[in-house]
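Trainee: give me a 3D structure for the following:
(chains A and B)
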Amino acid sequence: MEKVKETVRELLGSGKIKGFLGLCKKNGHIGPHLFRDEGDLDNMVIGDLHGPGDARYPLNKQLIHLARCYPEETFGVLVRGCDQRGLKALFVWNQLEPEKVVPVGIACPQALAEACECLQPYPEEFVEGEKGEGHSQDSVAKIDSLDLKGRFAHWMKEFDKCIKCYGCRDICPMCFCKECSLQTDVLIHAGELPPESPIFHLTRAVHMAGRCIDCGLCNEACPADIPLRTLYKKVADILDEEFQYRTGYTTEEKSPLNILGEAPED
Amino acid sequence: MEYNTVLTTCAYCGCGCNFYLEVLDGQIIGTIPSKTSPVNKGKLCIKGWNIHEFVQSPERLTQPLLRKNGQLKEVSWDEALDYTASRLREIKEANGSDSIAFLASAKATNEENYLIQKFARAAVGTNNVDHCARL
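Mentor: Residues are numbered from 1 along each chain as shown, chains lettered A, B, ... in the order given. Predicted coordinates for the structure are as follows:
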């Protein structure tokens, strides 16, 4: 933690950043916090209360809130591997400007990388932690091993638990649309509970293609414990197989689903 | 620029979920469930997720309203309470205590909820007491 603090102290001291969006321990709780004062970094933490990464927050989402109101200012932000993928995708989608964001990276411990089945549990540059090994997506393989009927039954059973809290969308650092498909009456009827299955979840899953950076916060926010992360991992796998594209690994490339090709000939 | 995340407790029901309210320049702009709260562990229901919207809503009532000649009119607390007390008395006298019911609130404190049931039972004489969290 000391190296993160040191880096942030320098960034704030030199005036390079207006504030640093990180995590702070106050009253026994860990939550997001905007650090403004180089002399006031004592309570800064990396988000481990009882275990590695058990108190992660969608800091990039809060960064978007700040950037929308203060577009001229530069902010620092604490990033893990997933957060950095998020930043890159948000740059591509013009939600944040690369020159206005200073990421301070931490590498995740192996235990967290394994729990997340993370392909790259570290940002390109980091000041704390050790570069861990990427982990295979066993949860996806397990469901893939079922036949089509078994897979469908599995997901329908999971979707049936949904209480339509919209928490998966609300926590998502990549959900920045002003108009959300999940609130479009032709797809999802307002006031209808439980949500129509599987259209609600498949609508979101389709929208996560080329967007999801596999941070897993949706999974952690789901009160019904629906394994959304596994679903979106699968969606990302399909995109990789079909288009050789994984979200957040390059800053130049837009999602292939965002490119309008030539109109097909008759 | 002033940006704070304020840890607080949900006012909607009696569960007591914790979240941070994102406050930018005095405006509440978002809700972030607390990951370290033993009550909700980073999760919320749809009401909790949207709680930041009502606090500063221009549609919130700021004064008591009384219907006069079919129109709701803003009145003072004294007038509203006097009217309510006199109508409750009239209704009780005309139709009996059990013609009146009391709706307590999960947004109120234990002490306030104690008072409303005490008022219902001791002052009005009815056991018709329910609460808004039964939604």
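Trainee: what does the stretch 151-266 of chain A put close to chain B?
Mentor: A:163, A:164, A:165, A:166, A:167, A:170, A:171, A:220, A:221, A:222, A:223 (CB under 8 Å from any CB of the partner chain). All C-beta atoms are positioned from the backbone trio N, CA, C, and that covers glycine.
Trainee: mind checking the end-to-end distance for stretch B:116-123?
Mentor: Start and end residues of stretch B:116-123 are separated by 10 Å (CA to CA, to the nearest Å).
Trainee: pull the most distant pair out of the residues of the stretch 151-266 of chain A next to chain B.
Mentor: A:164 and A:220 (17.9 Å; CB to CB).
Trainee: so those two - more neighbours on which side?
Mentor: Taking other CB atoms under 10 Å in any protein chain shown, residue A:164 and residue A:220 do not tie; residue A:220 has more neighbours (22 against 17).
Trainee: and residue 30, how many neighbours does it have?
Mentor: Let's take chain A. So residue A:30, with other CB under 10 Å, has 22 neighbours.
Trainee: right idea, wrong chain: chain B
Mentor: 18.
Trainee: that one: what secondary structure?
Mentor: strand (DSSP: H, G, I helix; E, B strand; the rest coil).
Trainee: just residue A:78 next, same as before
Mentor: Going by three-state DSSP: residue A:78 is strand.
Trainee: name the residues linked to it by a beta bridge.
Mentor: Beta-bridge pairing for residue A:78 (DSSP bridges): residue A:104.
Trainee: what's the burial count for it?
Mentor: Neighbour number of residue A:78 under other CB under 10 Å is 26.
Trainee: separation between it and chain B?
Mentor: With distances taken as CB to the nearest CB, to the nearest Å, residue A:78 is found 14 Å from chain B.
Trainee: so that residue touches residue A:59, yeah?
Mentor: Yes - counting by CB atoms under 8 Å, residue A:59 is a contact partner of residue A:78 at 6.0 Å.
Trainee: if we can go back for a sec, could you redo the residues of the stretch 151-266 of chain A next to chain B as TSV and give each row distance to residue A:87?
Mentor: Output for those, formatted as TSV (distance: CB to CB, whole Å):
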residue	distance to residue A:87
A:163	31
A:164	30
A:165	27
A:166	24
A:167	23
A:170	20
A:171	17
A:220	20
A:221	20
A:222	24
A:223	28
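Trainee: quick check: PyMOL command selecting the buried ones in these.
Mentor: Here is the PyMOL command that selects the buried residues among those (16 or more other CB atoms under 10 Å in any protein chain shown):
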select buried, chain A and resi 164+165+166+167+170+171+220+221+222+223
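Trainee: narrow the residues of the stretch 151-266 of chain A next to chain B to those in strands?
Mentor: Judged by DSSP state E, those include no members of strands.
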